[in-house]
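Peer 1: mind folding the following:
(chains A and B)
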Protein chains: 2
Amino acid sequence: MAHTAELIAVGTELLLGNIANTDAQMVSEGLSTLGVNVYYHTVVGDNPERLKEAIEIARKRADVIITTGGLGPTCDDLTKQTLAEVFGKKLVLHEPTAERIKAYFTKRLPGAKFTENNLQQAMLPEDCEILQNDWGTAPGVAFEADGVHVIMLPGPPGECTPMFHHRAVPYLQKLSDGMIVSRSLRIFGSGESAVEALLRDRMNELQNPTLAPYAKVGEVELRITAKADTEEEARRLIAPVEDEVRGILGDIVYGADVKSLEAAVLPLLEEKGLTLGTAESCTGGLIAKRMTDLPGSSKVFAGGVVSYTNAVKQSLLGVPEAVLKEKGAVSEEVARAMAEGARKALGCDLAVSSTGVAGPGPDGDGNPEGLVYLALATADGTFVRKVAQGQGRDRIRTTAAHHAFDMVRRYLTGLPVEKI
Amino acid sequence: MAHTAELIAVGTELLLGNIANTDAQMVSEGLSTLGVNVYYHTVVGDNPERLKEAIEIARKRADVIITTGGLGPTCDDLTKQTLAEVFGKKLVLHEPTAERIKAYFTKRLPGAKFTENNLQQAMLPEDCEILQNDWGTAPGVAFEADGVHVIMLPGPPGECTPMFHHRAVPYLQKLSDGMIVSRSLRIFGSGESAVEALLRDRMNELQNPTLAPYAKVGEVELRITAKADTEEEARRLIAPVEDEVRGILGDIVYGADVKSLEAAVLPLLEEKGLTLGTAESCTGGLIAKRMTDLPGSSKVFAGGVVSYTNAVKQSLLGVPEAVLKEKGAVSEEVARAMAEGARKALGCDLAVSSTGVAGPGPDGDGNPEGLVYLALATADGTFVRKVAQGQGRDRIRTTAAHHAFDMVRRYLTGLPVEKI
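Peer 2: Residues are numbered from 1 along each chain as shown, chains lettered A, B, ... in the order given. Coordinates of the predicted model:
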């Protein structure tokens, strides 16, 4: 697809800085996967004149315009009217949509008051394709006019994201002469530039599928994207490249089409029927929080101890006072004793621990900001990993939690746990 | 200030969807506080032709252009060159900046290799004001040409945010014929529309200062913004309005110019010399994680227990088996026993607990998604709050943690703890 898209987000709340334009990121990422070029994003307020101006500029430099926002029932919501006007289309009442909106209100929002305003959402441009909204009330709209494809999506991210993936993407696929399919490999244990260095030649050589790395906080995503007549064929093109990449990168690839290390760890624990517990000092609950962010985590997560003080390390985790005194709280020995103590106290099969310096600045014992020890206690013994990096409190804590989950993953898949 | 600003973010990574344009949100929020109108945001890639086009459009509709990104040392970084060209200014080597960059490398990045490329960051438009960057290497730049003020800021949020507040804001203040000062009241326990309803008349009447509410997840921010010749005078205008608003809203105002409930709680604990602990079920470590997000939390935070299973509720927190069986894990009685057990086990002065249904869906006992009990155990007895709301796992957990901190805040300030 050699299409060029421009995104126009409509909403005064974006211009006031109340929210960030995360819809643009989500749509851009999806378009990049589809091979659609994006040269500009524009954000404009709930103002028909300025929206009109933005559309006039966009239609000159793109053949796909995707708008987000301004489809709701209030008089601020002017996207449909304005786009219909610019492209010379009338708005007509779409009866099935009107019925759907009434039914949605009755079923999903029993307390909410249905007003005639809500029917404005059923006024749609003539000869358009309706993008049914199963995640809210305002339907999306797509039409072609003057060689430009216009796709309008609702603004709230909880509606915009599924509407893009389930409605806009199939529409865009139809514009293409083939299917574009993407597979995302997740990598922990190497930076983006190191991954790029290992794969540079292949990244340059490969045309279909293509290979592109993306940096995330403390990890890397590698996307393999293929184009073919059918999805099956595209997947056949991807498979050998995935095998080749996995061969080059080895066990730092922790999953494919998975969202995070903890999301990779959860099914591994389930498969083996094992439970996990945590003993956290510098991460202060972050490891437990990330595990329990996942629906279904209660099947494998026993619980955890946040032992921010030495007293709690002793009382709840049984870390010997002598070890704390001799080695200091930030030490391999304390990490080990914390994990082993948590495994006993929580009655779980595996326990991970963290102790380190999140900063800002070194700790009282002179340990530098960013020094973290992690341990994993198991039936086969305890493993320890030492990590040293200094890039601010949030990043230090996030990366330490990554390491904890990586140790669990490596243990459960029979890989070396201590070093990466 | 009747200025109109347009934001132009420069960076292909934004168009590929690798990152969201959070700089635009931060700058927009700041400009809104300053009373500067923002009608458009534009995002453009690392492409000089398209950047030029975006600038040509912006200069026709705004008298302040703020760019973010594209000031770095690589050949992709073209913002300065392009803006200088559009506004007919030469680039000249700025010696003090070159010296600063060299010194920064020697001191802060001893491992990094200094290349002549880095000196490109010291090539600045003639007759410009240099916005010194104390948070990175690339300096910002401001100049006026053809009646347009141009301000260029670095893209990484860790540099862009302080550069905006400490460099761009003072520059913009100078353009104004007075000082604009803003004070932010944080509110928990009432929605945006309820706050608006209470203050609607005053919001409409007030001209200087102005009063505007902003919705956050589970809470509300209310900004009072005044304009005057001096900062002192602006603050004198704000003070009576703050008093009036506090009088109307009462104790749901939890702080002024504070970032979060936990950030309001931390100094209260410090003042009273009290320590806090947690016992978390449905929040799964989030309360502890939020407390330990704050530098300095180790002075007041003892630790916590994440008791995701009934077994851990019994073994580490001493919740009686009979209570769990009779009342169920999601109950007032269990919340109470968890908090009291944590207070003993952690040896802390105050302990907060959470037990509830984060979802998706109801729990095994038929408790609905969103039902959460919170308890606070203190030397004066234990307080319990029941919360019921159903808006998805993340929001349920975030709001439950808000409630936990709100209970601590209310206890420490002598307010009723159980109801709000």
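Peer 1: where does the residue positioned nearest the centre of chain A sit: helix, strand or coil?
Peer 2: Centroid check for chain A by C-alpha atoms, centre = their mean gives A:Lys259 as the closest residue, at 6.1 Å. Following DSSP: H, G, I helix; E, B strand; the rest coil, A:Lys259 is assigned to coil.
Peer 1: surely A:Arg385 forms part of a strand?
Peer 2: Yes - remark: A:Arg385 belongs to a strand, assigned using three-state DSSP.
Peer 1: surely it and A:Glu418 touch.
Peer 2: Yes - shown here, A:Arg385 and A:Glu418 form a contact pair, counting by C-beta atoms under 8 Å, at 5.5 Å. Glycine gets a C-beta too; all of them are placed from N, C-alpha and C.
Peer 1: out of these two, which sits in the busier spot?
Peer 2: The neighbour comparison of A:Arg385 against A:Glu418 (other C-beta atoms under 10 Å in any protein chain shown) goes to A:Arg385, with 22 against 13.
Peer 1: which residues does that one bridge with?
Peer 2: A:Leu374 (DSSP bridges).
Peer 1: against A:Thr68, how distant is the residue in the stretch 101-250 of chain A that chain B sits nearest to?
Peer 2: The nearest approach of the stretch 101-250 of chain A to chain B comes at A:Tyr214, 5.3 Å away (C-beta to the nearest C-beta). A:Tyr214 sits 22 Å away from A:Thr68, going by C-beta to C-beta, to the nearest Å.
Peer 1: those two - which one has more neighbours?
Peer 2: Between A:Tyr214 and A:Thr68, A:Thr68 has the larger neighbour count (other C-beta under 10 Å), namely 31 against 18.
Peer 1: please name the bridge partners of the more buried one.
Peer 2: A:Ala9, A:Leu153.
Peer 1: just the strands from the stretch 301-420 of chain A, written as ranges.
Peer 2: With DSSP state E, counting those that start in this stretch, the ranges of strands along the stretch 301-420 of chain A come out as A:301-307, A:350-356, A:371-378, A:381-388.
Peer 1: the residue nearest to the centre of chain A and chain B, how far apart?
Peer 2: Distance of A:Lys259 to chain B, computed by C-beta to the nearest C-beta, to the nearest Å: 14 Å.
Peer 1: re earlier: could I get the strands of the stretch 301-420 of chain A as JSON lines with mean pLDDT and distance to B:Glu333?
Peer 2: Putting the strands of the stretch 301-420 of chain A into JSON lines (pLDDT from 0 to 100; distance: least, C-beta to C-beta, whole Å) gives the following:
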{"stretch": "strand A:301-307", "mean pLDDT": "98", "distance to B:Glu333": "19"}
{"stretch": "strand A:350-356", "mean pLDDT": "98", "distance to B:Glu333": "29"}
{"stretch": "strand A:371-378", "mean pLDDT": "98", "distance to B:Glu333": "33"}
{"stretch": "strand A:381-388", "mean pLDDT": "96", "distance to B:Glu333": "38"}
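Peer 1: for chain A, which element, helix or strand, carries the lowest mean pLDDT?
Peer 2: helix A:95-108 (a mean of 78; mean pLDDT, DSSP states H and E).
Peer 1: buried residues, it. List them.
Peer 2: Neighbour counts over helix A:95-108 (16 or more other C-beta atoms under 10 Å in any protein chain shown) mark A:97, A:100-101, A:104-105 as buried.
Peer 1: how distant is that helix from the center of its chain?
Peer 2: 31 Å (C-alpha atoms, centre = their mean, to the nearest Å).
Peer 1: and that helix, C-alpha only, in CSV?
Peer 2: C-alpha atoms of helix A:95-108 as CSV (Å, rounded to 0.1, in the frame of the first residue of the first chain):
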residue,chain,number,x,y,z
GLU,A,95,-32.3,4.3,11.1
PRO,A,96,-30.5,1.1,12.1
THR,A,97,-27.9,3.2,14.0
ALA,A,98,-30.6,5.2,15.7
GLU,A,99,-32.1,1.9,16.9
ARG,A,100,-28.7,0.6,18.0
ILE,A,101,-28.1,3.7,20.1
LYS,A,102,-31.5,3.5,21.8
ALA,A,103,-30.9,-0.2,22.5
TYR,A,104,-27.4,0.5,23.9
PHE,A,105,-28.9,3.0,26.3
THR,A,106,-31.6,0.7,27.5
LYS,A,107,-29.2,-2.2,28.0
ARG,A,108,-25.9,-0.8,29.1
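Peer 1: that one near chain B at all?
Peer 2: No - residues of helix A:95-108 are not located near chain B by C-beta under 8 Å from any C-beta of the partner chain, the shortest gap being 11.8 Å.
Peer 1: residues in contact with that helix?
Peer 2: A:112, A:114, A:118-119, A:121-122, A:124, A:130, A:132, A:137, A:139 (C-beta atoms under 8 Å, 6 or more residues apart in numbering or on different chains).
Peer 1: if you set the cut-off to 7 Å instead, what comes out?
Peer 2: Residues from elsewhere that reach helix A:95-108, judged by C-beta atoms under 7 Å, 6 or more residues apart in numbering or on different chains: A:112, A:114, A:118-119, A:121-122, A:124, A:130, A:137, A:139.
Peer 1: ok, now stretch A:13-24?
Peer 2: Applying C-beta under 7 Å, 6+ apart, the set of residues contacting stretch A:13-24 is A:7, A:9, A:41, A:43, A:45, A:68, A:155, A:157, A:160, B:20-22, B:24-26, B:28-29, B:32, B:38-39, B:41, B:214.
Peer 1: which residues in the stretch 51-200 of chain A form helices?
Peer 2: A:79-86, A:95-108, A:157-163, A:169-175, A:192-205 (DSSP state H, counting those that start in this stretch).
Peer 1: mind checking pLDDT for the residue nearest to the centre of chain A?
Peer 2: Per-residue pLDDT puts A:Lys259 at 91.
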